[in-house]
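> could you look at this predicted model? Sequence included:
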Amino acid sequence: MRHSLSLRALAFGILHDPVDAEQVVQATFREVRYEATRFDPAHFPVFGWLSELTRVGALHRSRCARGPQ
């Protein structure tokens, strides 16, 4: 995929684990597959949308890994 390396780097920067980062990127592309009809190019460029989905997914995974505080 065209943006996968950049998205993996973004997720890795948040998670510091290459396996977790790859899983977040895969989940992002699965989400895109099902949410593509809702994409609005006037609101986000494609890479911006993918980046936001990846960032949110990585942050969520990071919080879940830490558990309740």
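Right, received. Where do you want to start?
> doesn't residue 55 make contact with residue 6?
No. Using C-beta atoms under 8 Å as the test, residue 6 is too far from residue 55 to be in contact (11.7 Å). Bear in mind the C-beta positions are built from the backbone N, C-alpha and C, glycine included.
> these two: which is more packed in?
Counted by other C-beta atoms under 10 Å, residue 6 and residue 55 do not tie: residue 55 has more neighbours, with 17 against 14.
> buried ones in the helix or strand that contains the more buried one?
Using DSSP states H and E, residue 55 sits in helix 46-66. If you call a residue buried by 16 or more other C-beta atoms under 10 Å, then helix 46-66 has these buried ones: 49, 50, 51, 53, 54, 55, 57, 58, 61, 62.
> and what of stretch 23-33?
Neighbour counts over stretch 23-33 (16+ other C-beta under 10 Å) mark 23, 24, 25, 27, 28 as buried.
> find the nearest non-adjacent residue to the first one, please.
Residue nearest to residue 23 in three dimensions, not counting chain neighbours: residue 61, with 7.7 Å by C-beta to C-beta, 6 or more residues apart in numbering.
> who's in contact with the one you found?
15, 20, 23, 24 (C-beta atoms under 8 Å, 6 or more residues apart in numbering).
> returning to that earlier point: and which of the buried residues of stretch 23-33 is nearest to residue 36?
residue 28 (12.3 Å; C-beta to C-beta).
> for the strand or helix carrying that closest one, which outside residues touch it?
Here residue 28, judged by DSSP H and E, is contained in helix 18-35. For helix 18-35, the surrounding residues in contact (C-beta under 8 Å, 6+ apart) are 1, 4, 7-9, 11-12, 14-15, 39, 49-50, 53-54, 57-58, 61, 65.
> any chance of the contacts of residue 61 in TSV, with distance to residue 45 and pLDDT too?
Below are those laid out as TSV (distance: C-beta to C-beta, whole Å; pLDDT from 0 to 100):
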residue	distance to residue 45	pLDDT
15	24	98
20	26	97
23	25	97
24	20	98
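> farthest-separated two in the residues you listed?
15 and 23, at 9.2 Å, using C-beta to C-beta across these.
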